[in-house]
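J.: Just a sequence and a predicted model for now, questions to come.
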Amino acid sequence: MRKQIVAGNWKMNNGLSQTQSLITDLRNQTKTSDAEVMISPSFTNLWSAFDTLRKDDIEVIAQNMHFAEDGAYTGEVSAGMLKSIGIKTVILGHSERREYFNETDELLAKKVDAALAKGMRVIFCFGEELADRKAGNEEAVVGSQIKNALFHLGAADFQNIVLAYEPVWAIGTGETASPEQAQDMHAFIRKTLADTYGNDVADAVSILYGGSVKPANAEEIFSKPDVDGGLIGGASLKAEDFFAIVNAF
């Protein structure tokens with residue numbers, strides 16, 4: 001059975017006191033679903049968040065990491081460093097990393113390898129831009145991103161891979177893919193996996209939707225058969241909204 005997952009991507013928001021306050025609010029919420037819950041504070045607040053939540057049912061995850069284990073990479077953080085403070089899951093390939101920091105499929109493949117080598121779980125992000133969607137190229141773009149960064153892996157590696165489809169045109173714009181559009185793409189993604197790795201692998205991989213999920217639309221989106229949860233941006237910065245999404249299953 002695939003895992004249902006709701007992960008909050010806090011991006012570059014919240015200092016230490018704000019992080020602690022939001023975590024307190026999260027701990028006061030009630031979870032009524034079986035979904036795994038994750039939050040990703042900034043690097044400076046990962047240890048504090050992990051230490052606070054180490055006995056709670058909320059996993060603290062990282063927003064990014066470098067492919068090298070150590071070396072002259074000023075400002076970067078390695079998988080080993082993350083593991084050393086208890087972090088076991090990392091988001092890679094987010095559209096903002098691709099756009100603002102020029103992360104390519106080839107670079108992301110190296111990051112994925114580095115994370116898996118340390119026994120980490122990867123939430124791997126991908127998705128088309130508005131021009132791709134308007135041109136009808138969304139499946140070609142998404143298929144290429146997945147294959148280029150992940151299809152060198154062995155079938156067993158996908159036990160530690162979570163996929164996150166995020167239509168770039170629906171992130172922070174107020175636009176949201178319809179539940180039907182989300183399902184169609186998620187079904188395509190699962191078929192793409194099945195064509196190379198077989199149905200057993202494809203049916204076991206969780207695929208999250210990451211395009212402006214809110215309490216008002218989460219239940220309908222999550223009801224689709226190939227949507228296994230959400231990678232949540234802005235709504236994850238409000239504890240009540242975030243847990244409304246968690247409880248939408």
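T.: On my side now, so go ahead.
J.: Quick one: name whatever helix or strand follows the lowest-mean-pLDDT helix or strand in the chain.
T.: Lowest on mean pLDDT, DSSP states H and E among the helices and strands of the chain sits helix 130-134, with a mean of 89. Remark: after helix 130-134, the chain's next helix or strand is helix 138-150, criterion DSSP states H and E.
J.: ok, the most far-flung residue of the chain relative to its centre to residue 238 distance?
T.: For the chain, the residue at maximal distance from the C-alpha centroid (CA atoms, centre = their mean) is residue 72, at 27.8 Å. Separation of residue 72 from residue 238 (CB to CB, to the nearest Å) stands at 40 Å. Quick note: C-beta positions are derived from backbone N, CA and C, even for glycine.
J.: go on, residue 85?
T.: From residue 85 to residue 238 the distance is 26 Å (CB to CB).
J.: neighbours around residue 21, how many?
T.: Residue 21 has 13 neighbours, counted by other CB atoms under 10 Å.
J.: Spatially central, which residue of this protein would that be?
T.: The residue lying closest to the centre of the chain (CA atoms, centre = their mean) is residue 123, at 4.2 Å.
J.: Identify the residues contacting that one.
T.: Applying CB atoms under 8 Å, 6 or more residues apart in numbering, we find residue 123 in contact with 7, 61, 89-92, 162-164, 208, 231.
J.: how about the residues you listed in a markdown table, adding pLDDT, neighbour count and secondary structure?
T.: Formatted as a markdown table, the contacts of residue 123 follow (pLDDT from 0 to 100; neighbours: other CB atoms under 10 Å; DSSP: H, G, I helix; E, B strand; the rest coil):
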| residue | pLDDT | neighbour count | secondary structure |
| --- | --- | --- | --- |
| 7 | 98 | 24 | strand |
| 61 | 98 | 24 | coil |
| 89 | 98 | 21 | strand |
| 90 | 98 | 25 | strand |
| 91 | 98 | 23 | strand |
| 92 | 98 | 27 | strand |
| 162 | 98 | 25 | strand |
| 163 | 98 | 26 | strand |
| 164 | 98 | 27 | strand |
| 208 | 98 | 25 | strand |
| 231 | 97 | 27 | strand |
